[in-house]
Each structure stands twice: as C-alpha cells, then as structure tokens.
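Participant: Here is a sequence with its predicted model. Questions after.
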Amino acid sequence: MVKQLEWASLEVGFPISCIGVTQSNDVVFGGGGGPGRSGAVYRIDDKNELVKTNELVLSSYEDAPTCLAMHPKEKKLVCSVNTSKTQIEKGENTNCRLYTIGKDSNVKAGNTAMTICSTSDMDYQRCIAFSPSGNLIAGGATNGTLAVVENPSLRRVFPYVEATDEINDVDFNDSSTWLAATTDAELKVLSTKDASLVKSIDDPHTSSGTRAVFRFAKFGRGKGSLRTTARVKQSSVLYTVLNTRSRKGAYIVQWDTDKWTRIATRFAAHSPITTFALSSDGALLAFATASLQIAICDAHSLKVLTRIKDAHSFAITALAFDKETRRLISGSADESCRVFVLPDTWPTPVDIALAFAKDHIQILAMVLALFIAIIAALSMLG
C-alpha cells in the first residue's frame, strides 16, 4: 500500500456538490449554499495546483448545482439547477442545462429542459450522466423520476420512468445501449432505446447475507479483460457499491453483465461510502466515506491501494479522476478541494512485503533470533 500521496489544496469559496473534468483537464466545480450558488472552472498547472479561469454565478432565486457530467469528447457539460419555487410549482422547472467551455474558459449557456417530474421545490436531480457516445443524457431525481434525453436537443427519448424511491446513481454502459439506475432497494438496467427492462436486481446484500442498500452503480471502461479473470471483458463489468443498513460497513461488488453473476465482493470500509468514481481507462476506483476517508482501489482485483484519512474536515461530496489517471480531485462541503498526485505504477504485493521488511528489519531480526533461541532450547531439552 502506498504510504502517502502528494497533494495540493484549494479553497474555492463555496460548498462543493459536484466535480467534472474535461478532456483537456479543465476542472469544473459546482455547488453553493446560502446566497452563493456558483460554478467555477479551473485548470491544473505544472505544480498540480488549481488556477481559477472563470466562474458562473447563478441568480439568487435559483438553487445551487446538485450534479454535473462532462461530455466524453467535447468541452461541454450538463448540470442540474432547480429554478425558482414559483416556476417549479407551475411545472416549469428547466433544471437540466447544457454549457460549453470556450478556449478562453468562458462558459456559454446552451439548451435547457425539465427532467424532474415534480412541482415540489424539495425535489432535485441527484445524479446525471452522459452516455459514452455523447448522444444521450440520463438524470435521476430524489422523487424517483428517471429521465433520458437526447443531446443537444434535450428532447426526451421516452417518457419518464418512475422508480419506487429516490434514485441514487445512473450510468451508461460502454456501447450506450444500457442504462443502470439504482435506488436503495433495487438496481435496474434498462434499454436506452425504449426503457425496456434488461435486468433487475433487488434485495441487496453482502456475500455473507448482511442486508444492505445500493448506493452507486458504474459500468466498467477500457479495453481488454479483467486481470483476475480473462473470461470477463472490462466493458462487461458492472461495479455496485453496497452500504450495510447498520451503517457499519461498505462493500464493492463486481458483476459479469454477460451472465449476470457476481464476480467478486470485497469489503471496502467500516463506514458508508458517500461518493464513488471510476477512472476513464477503467483501471482505478476511488471512493470517500462518511468518516472522511478517501481510498483508491485497483478496479480489477478491488484491492485497496491507498487510504487517505481525514482527507477533508467535512463531508466529501465529489471525486473525479483526470483523463490520464494521473490525479484524483476531491471536493467537500468544507468549501475546499484536494488534488492528489497518483504514482505512475502502484506497488505489487511483493513490493509491499519488501517495503514492510525494510521498515521493520529490527523487529523481524528480533523475532528470528527469538525463534532460533526457542528451537535451540527445545533441541537441548530433547
């Protein structure tokens, strides 16, 4: 396990609720609270520090951005921002908004549409995602509304799908033909053509039978197969995050979506996972917990490569890898972000064993000497 990652910190001036990274590694933060409702664009310099290049301040009658997603090929983003209470009650909440980031980091507004079927200002879109093709956008709301729209028109592909509970996460598969949506009690995979059901998994539980809730679901990315089982392609893997109902543990599960069988279930943390990210090459997973810890895992073996304790002083709300998987960016309600520099190669089990031996050579020598003394004593008694 890596001992400690190099990192830089920045105060952005508002509570962060969501993060996105463009193909050129511009970092977009969304969030706010009280009178401040903002979106800001930063670039990462050669010192791995964030330099502010632009900011979009929303009007005081609008809500803060609750989620955002970056276009997989272009410098565009989609986010959800609730309009005024009056507009929401009239059924005119054009919450889904497209933006383009120009060469000079100017943020240009595009089309808007309503993707929450609600007239209550208490409802908001909790999660949003672009399809890998860039042609579709999916959003899940706290009232159970699932919407899929075309990009850039934002016309609905099919009518709203109503879940039985608030939607925790949405994600498209590599071919953009499937959409996974999770609630606490159920994971549904739908066809992006007509919303027909591909697969439904309910009664979430660990391999030992402990009752849990679904928190996140992400499809695998990248070419090739899992190193742990060559029979499963990375693009055929679905990762689900389970938080136990006792809130005393969190697990990551790998699914083979060709056969819909579990590949592996790994214990991840002693407290609930609050945010989850997958690198664009499909090699790494990252998650943050309610205990303010950040961990990075190997996406093939699910082995934890490093843990960062007390990464922030308040709830960690967002994580995102840069496009080269060289950095991990975290955001928090404490109004700060961190940029963690990732190593070019991660240590193997042999490397970890050798490092442990080097750091504990004196203790190991004492244990060996004691062992030899015991063997000698036993030999004399014999």
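Facilitator: Received, thanks.
Participant: Can you classify Ala8 by secondary structure?
Facilitator: Secondary structure for Ala8, judged by DSSP: H, G, I helix; E, B strand; the rest coil, is strand.
Participant: Please apply the same query to Ala365.
Facilitator: helix.
Participant: mind checking how far it is from Phe371?
Facilitator: The gap separating Ala365 from Phe371 is 11 Å, by C-beta to C-beta, to the nearest Å. C-beta here means a position set from N, CA and C on the backbone, and glycine is covered the same way.
Participant: for Val27, same thing?
Facilitator: Taking C-beta to C-beta, one finds Val27 at 53 Å from Phe371.
Participant: more neighbours, the two?
Facilitator: It is Val27, of Val27 and Phe371, that has more neighbours when counted by other C-beta atoms under 10 Å, with 26 against 10.
Participant: what bridges to the more buried one?
Facilitator: Val21, Tyr42 (DSSP bridges).
Participant: May I ask you to confirm that it is in contact with Leu50?
Facilitator: Yes: the pair Val27 / Leu50 is scored as a contact, 6.3 Å apart, by C-beta atoms under 8 Å.
Participant: does the residue nearest to Asp174 when sequence neighbours are not counted count as helix, strand or coil?
Facilitator: Nearest residue to Asp174, sequence neighbours excluded (C-beta to C-beta, 6 or more residues apart in numbering): Ser235, at 4.0 Å. Following three-state DSSP, we place Ser235 in the helix state.
Participant: Could you pull up the residues touching Ser235?
Facilitator: If a contact means C-beta atoms under 8 Å, 6 or more residues apart in numbering, then Ser235 has Asn173, Asp174, Ser175, Phe219, Gly220, Arg221, Gly222, Lys223, Gly282 as its contacts.
Participant: now with 7 Å?
Facilitator: Counting by C-beta atoms under 7 Å, 6 or more residues apart in numbering, Ser235 makes contact with Asp174, Gly220, Arg221.
Participant: got it, and Cys117?
Facilitator: Taking C-beta under 7 Å, 6+ apart, one finds Thr145, Tyr160 in contact with Cys117.
Participant: sec struct for it, please.
Facilitator: Classified using three-state DSSP, Cys117 is coil.
Participant: What separation is there between it and Gly91?
Facilitator: To Gly91, Cys117 is 9 Å away according to C-beta to C-beta.
Participant: got it, and Leu368?
Facilitator: According to C-beta to C-beta, Leu368 stands 75 Å off from Gly91.
Participant: same deal with Tyr160?
Facilitator: From Tyr160 across to Gly91, the span is 13 Å (C-beta to C-beta).
Participant: Output the lowest mean pLDDT helix or strand found in this protein.
Facilitator: helix 349-359 (a mean of 55; mean pLDDT, DSSP states H and E).
Participant: Helices of the stretch 51-200 of the chain, residue ranges please.
Facilitator: Ranges of helices in the stretch 51-200 of the chain, per DSSP state H, counting those that start in this stretch, are 85-89.
Participant: Please enumerate the strands of the stretch 1-150 of the chain.
Facilitator: For the stretch 1-150 of the chain, applying DSSP state E, counting those that start in this stretch gives strands covering 6-11, 16-21, 26-33, 36-44, 50-57, 67-70, 76-80, 96-101, 107-113, 125-130, 136-141, 145-150.
Participant: Of those, which is nearest Phe267?
Facilitator: strand 125-130 (24.6 Å; C-beta to C-beta).
Participant: and the angle for that closest one with strand 76-80?
Facilitator: Angle, strand 125-130 to strand 76-80, by axes from the mean of the first three to the mean of the last three C-alpha atoms, to 10 degrees: 160 degrees.
Participant: Show me what strand 125-130 is packed up against.
Facilitator: strand 67-70, strand 76-80, strand 136-141, strand 169-172 (3 or more C-beta pairs under 7 Å, 6 or more residues apart in numbering; DSSP states H and E).
Participant: chain center to that strand: distance?
Facilitator: 11 Å (C-alpha atoms, centre = their mean, to the nearest Å).
Participant: contacting residues around Trp7?
Facilitator: Counting by C-beta under 7 Å, 6+ apart, Trp7 has contacts Arg338, Val339, Phe340, Val341.
Participant: Give the PyMOL command for selecting the buried subset of these.
Facilitator: The buried subset of the contacts of Trp7, as determined by 16 or more other C-beta atoms under 10 Å, is captured in PyMOL by this line:
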select buried, resi 338+339+340
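Participant: So which of the contacts of Trp7 sit within helices?
Facilitator: Assigned to helices by DSSP state H, none of these qualify.
Participant: What count of nearby residues applies to the residue nearest to Ser118 when sequence neighbours are not counted?
Facilitator: Nearest residue to Ser118 in three dimensions, chain neighbours excluded: Asn143, at 4.9 Å (C-beta to C-beta, 6+ apart). Neighbour count of Asn143, defined by other C-beta under 10 Å: 19.
Participant: Return the distance of Asn143 relative to Glu74.
Facilitator: Per C-beta to C-beta, Asn143 is found 31 Å from Glu74.
Participant: Then Ile201?
Facilitator: Counting by C-beta to C-beta - Ile201 and Glu74 are separated by 33 Å.
Participant: Enumerate the beta-bridge partners assigned to Asp169.
Facilitator: Applying DSSP bridges, one finds that Asp169 bridges with Thr182.
Participant: Understood, closing this out.
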